[in-house]
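Engineer: I would like to see how this sequence folds:
(one chain, ligands or ions: 2)
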Amino acid sequence: MGATDHDPLAILTRPPPNETPIERAAREEREARARQISDQIDEQLKKDKAALKRQNGLVRVLLLGQSESGKSTTLKNFRMKYSRAQWKAERLSWRAVIQLNLVRSVLTILDTMQTEMNGTTSTPTSSVVQELSGDEEDEEEDNPIPCATISGVGIIVNISRRSSLSKDSNSSLRTTLSSHHQILKLRLGPLRGVEADLKKRLGAASDEEEFDSSASLGIGPLEPSSSSSGDGNQGAERRSGNAMIAARKVKRREFGVKRLHEALENGVHALSSRGSHHGHGTRDSGSFTSDDATDIIASCRDDMKALWLDEAVQKVLAKRKVRIEDGAGFFLDDIDRIATRTYEPSDDDVVRARLRTLGVQEYSIQFEQSKGPTLFAGGLGDFGKEWIIYDVGGARTMRQAWLPFFDNVNAIIFLAPISCFDERLQEDSKINRLEDSCLLWRSVCSSKLLAKATLILFLNKCDILKRKLKSGVMVKNFLPSYGERPNDAGSVIKYLKEKFKDILKAQSSVPRTCYYYATSVTDTKATANTLKTVKDSIVREHLKTADMV
Ligand SMILES: Nc1nc2c(ncn2[C@@H]2O[C@H](COP(=O)(O)OP(=O)(O)OP(=O)(O)O)[C@@H](O)[C@H]2O)c(=O)[nH]1
Ligand SMILES: [Mg+2]
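Structural biologist: Ligands and ions are numbered 1, 2, ... in the order given. Modelled structure (predicted):
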């Protein structure tokens, strides 16, 4: 008896006895089809398994924080370090954005000068203006008023009054602005057309935007209830009681785009098609030569420099507390380099460029497996190799859009710009920016949806903080709880870090890990090191959750 006689399967699959040639051909065709289907199923299973593995290894990171906290700048650092090829390919297309940043700074100076010449009290509002806390319309002077107390944290944020100059110094400043300044203003006039042109080219999604100053935090269930904000004092009264001021809408000039890639591409395409019409503005082997906007900017170079370096202009800016140098997209110290016909942005330029985020932008980053022992080694497969980073718009009116992205997120990188203890929100001039950051951080810490996410806090804009403190701004004037602690950056960072830690502790029922970093994310070298540590901690936490370590 052969071995197959005992194999039930062999009996089942054995060809029937007395099979005719036609029957045999039909059977073989059936079997071939079955084999083909089986192979297809195997292939699909393999694909599903790979997709599942990839899905398991996918790390989702959400960048959160108020507007101008440095979210997009952090993302740029990530892309610059870990998506080098894509970054380099995109770098040139930032030129129009950087030119727009420069032009807007100049226009802000011109507007401030005009306001001064007119002798009016209002100051133009712009993305490049870092306006100190202080209500332009208040009569009282230099009298800090407690504005808000953050419940359980003990930060009392004062909004100091604008320290206005005497009538004498006002009029003397006005007369210092001479015909020379009028001429500069006239000669720089074409930059208004350039601004409009660049905006059109990039496809402005929202430029002049109105914010309702009575708008809520706008983050739905995350939003702390009004009673829990701990403002049961004059601060709350001050914010809600003055109906006239609360109803006022704050006008703000800032440029933002919904789809960054599209905007950058638009800039490039508009430029090359224009170039073929005008015989210039061409793109040759990946680099620009020139275009109308660039020509005008280049021809205004000396006047722009003269304006920025002018002593009387600096005095007007100081008087009106317009701190362009601490604002977003500051390029006035780089006029020589940028206002040329052949300007090409550097890595640092792109990182410093300001383009407000509208909605949510999504980026995928593929991390290379590094040599030597890594977290990916040891049979952990593709864990942490692919990251999806979500960058959101941070203005209050945009926070509703964050919620859908809270689901399944592995890590939050929260940016709190700590230099802004004496600034107010652009979208709501009643709210101190540090107070807003603390409230937002509290919402993030208390969110059930984010309970499992790794928390990373960047105490950002430390460079601006240092400059501000050095210039004599006293933290205790804005945060009375800071008391007599030394007015240096190290002490302020330590103090605020403890405040953010306290908030997390108060909002967590179980002890929760959070990684804290003092950052200046425009410093790309230092940020590269921070990101490496951040990346490792996120992957480590992710693996812990997945029971892999
Ligand atoms: N000096 C300095 N500037 C910074 C720092 N972080 C961000 N900036 C600048 O601040 C501006 C705003 O930064 P963004 O990254 O665009 O802010 P954002 O949080 O994405 O703001 P939205 O898109 O409005 O939500 C940019 O011009 C940055 O170059 C920092 O640490 N130091
Ligand atoms: Mg942004």
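
Engineer: now do the strands in the stretch 51-200 of the chain.
Structural biologist: For the stretch 51-200 of the chain, the strands defined by DSSP state E, counting those that start in this stretch cover 59-64, 145-149, 156-159.

Engineer: these: lowest mean pLDDT?
Structural biologist: Ranked by mean pLDDT, the strands of the stretch 51-200 of the chain end with strand 145-149 at the bottom, a mean of 39.

Engineer: give me phi/psi at residue 392?
Structural biologist: Residue 392 adopts backbone torsions of phi -110, psi 160, taken as degrees, to the nearest 10.

Engineer: so for residue 343, what's the pLDDT?
Structural biologist: pLDDT at residue 343 comes out at 93.

Engineer: is it fair to say it lies in a strand?
Structural biologist: No: counting by DSSP: H, G, I helix; E, B strand; the rest coil, residue 343 is not found in a strand; it is coil.

Engineer: which residues does it contact?
Structural biologist: 95, 99, 294, 337 (Cβ atoms under 8 Å, 6 or more residues apart in numbering). Yep, even glycine has a C-beta here, placed from its N, CA and C like the rest.

Engineer: what about it, distance to residue 22?
Structural biologist: 80 Å (Cβ to Cβ, to the nearest Å).

Engineer: returning to what we had before: what's the closest of the contacts of residue 343 to residue 537?
Structural biologist: residue 95 (35.5 Å; Cβ to Cβ).

Engineer: wait, that closest one sits on residue 342?
Structural biologist: No: checked against Cβ atoms under 8 Å, the pair residue 95 and residue 342 is beyond contact range at 10.5 Å.

Engineer: between the two, which one's more packed in?
Structural biologist: A direct count of neighbours by other Cβ atoms under 10 Å for residue 95 and residue 342 places residue 95 higher, at 26 against 10.

Engineer: the more buried one and residue 193: what is the separation?
Structural biologist: 18 Å.

Engineer: what of residue 39?
Structural biologist: Taken as Cβ to Cβ, the span from residue 39 to residue 193 is 65 Å.

Engineer: the two - which one has more neighbours?
Structural biologist: residue 193 (13 against 10).

Engineer: ok, and the closest non-adjacent residue to that one?
Structural biologist: Using Cβ to Cβ, 6 or more residues apart in numbering and skipping the chain neighbours, the partner closest in space to residue 193 is residue 296 (7.5 Å).

Engineer: tally of neighbours for the one you found?
Structural biologist: Each residue near residue 296 was counted by other Cβ under 10 Å, and the total is 18.

Engineer: that one contacts residue 191, doesn't it?
Structural biologist: Yes: Residue 296 lies in contact with residue 191 (Cβ under 8 Å); the separation is 7.0 Å.

Engineer: can you list the residues of this structure near ligand 1?
Structural biologist: 65, 67-73, 328-329, 352, 354, 356-357, 393-395, 460-461, 463-464, 520-522 (Cβ under 6 Å from any ligand atom).

Engineer: in the chain, which spans are strands?
Structural biologist: Under the criterion DSSP state E, strands of the chain are mapped to 59-64, 145-149, 156-159, 206-212, 249-257, 283-284, 287-288, 356-357, 360-366, 386-392, 411-417, 454-460, 514-518.

Engineer: weakest of those by average pLDDT?
Structural biologist: strand 145-149 (a mean of 39).

Engineer: ok, now which ones touch the residue nearest to residue 433 when sequence neighbours are not counted?
Structural biologist: Using Cβ to Cβ, 6+ apart and skipping residues adjacent in sequence, the residue nearest residue 433 is residue 420, 3.8 Å away. Applying Cβ under 8 Å, 6+ apart to residue 420 gives the contacts 433, 434, 437, 461.

Engineer: quick one: which of the residues you listed sit in helices?
Structural biologist: By the criterion of DSSP state H, membership of those in helices covers 433, 434, 437.

Engineer: got TSV for those residues, with pLDDT too?
Structural biologist: Listed next are these as TSV, based on pLDDT from 0 to 100:
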residue	pLDDT
433	93
434	94
437	95
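
Engineer: which among the residues you listed are in contact with ligand 2?
Structural biologist: Among the ones in helices among the contacts of residue 420, no residue is within reach of ligand 2 (Cβ under 5 Å from the ion).

Engineer: name the nearest residue to the residue of the stretch 251-400 of the chain found nearest ligand 2, sequence neighbours excluded.
Structural biologist: Residue nearest to ligand 2 within the stretch 251-400 of the chain: residue 357 (3.1 Å; Cβ to the ion). In space, and not counting its chain neighbours, residue 357 is closest to residue 393: 4.4 Å by Cβ to Cβ, 6+ apart.

Engineer: looking at the contacts of residue 343, which is nearest ligand 1?
Structural biologist: Closest approach between these and ligand 1, by Cβ to the nearest ligand atom: residue 99, at 14.3 Å.

Engineer: please report the number of neighbouring residues for that closest one.
Structural biologist: 28.

Engineer: verify the contact between it and residue 297 for me.
Structural biologist: Yes: because the distance of 5.8 Å satisfies Cβ under 8 Å, residue 99 is recorded as touching residue 297.

Engineer: shared neighbours of those two, anything?
Structural biologist: The overlap between the contact sets of residue 99 and residue 297 (Cβ under 8 Å, 6+ apart) consists of 194, 338.

Engineer: give me the neighbour count for the closest residue to residue 297 other than its chain neighbours.
Structural biologist: Spatial nearest neighbour of residue 297, chain neighbours left out: residue 339 (5.0 Å); criterion: Cβ to Cβ, 6+ apart. The tally of other residues near residue 339 (other Cβ under 10 Å) stands at 24.

Engineer: which residues does residue 339 contact?
Structural biologist: Residues counted as contacts of residue 339 (Cβ under 8 Å, 6+ apart) are 102, 297, 298, 300, 301, 304.

Engineer: one more time with 7 Å, if that's ok
Structural biologist: Residues in contact with residue 339 (Cβ atoms under 7 Å, 6 or more residues apart in numbering) are 297, 298, 300, 301, 304.

Engineer: a markdown table for the residues you listed, including pLDDT?
Structural biologist: What follows is these, written out as a markdown table (pLDDT from 0 to 100):
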| residue | pLDDT |
| --- | --- |
| 297 | 96 |
| 298 | 95 |
| 300 | 95 |
| 301 | 96 |
| 304 | 96 |
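
Engineer: so which of those residues sit within helices?
Structural biologist: Residues of the contacts of residue 339 located in helices (DSSP H): 297, 298, 301, 304.

Engineer: would CSV of those with distance to residue 492 be doable?
Structural biologist: Formatted as CSV, the ones in helices among the contacts of residue 339 follow (distance: Cβ to Cβ, whole Å):
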residue, distance to residue 492
297, 38
298, 42
301, 38
304, 34
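
Engineer: how much space separates whichever residue of the stretch 201-350 of the chain sits closest to ligand 1 from residue 105?
Structural biologist: Using Cβ to the nearest ligand atom, the single residue of the stretch 201-350 of the chain nearest to ligand 1 is residue 328, 3.4 Å away. Residue 328 is 10 Å from residue 105, where distance means Cβ to Cβ.

Engineer: what about these two, which has more around it?
Structural biologist: residue 105 (26 against 23).

Engineer: pLDDT at that one, what is it?
Structural biologist: At residue 105, the pLDDT recorded in the model is 93.

Engineer: residues contacting it?
Structural biologist: 128, 324, 330, 331, 332.

Engineer: counting neighbours, which of the residues you listed comes out on top?
Structural biologist: Busiest of these [other Cβ under 10 Å] is residue 128, holding 27 neighbours.
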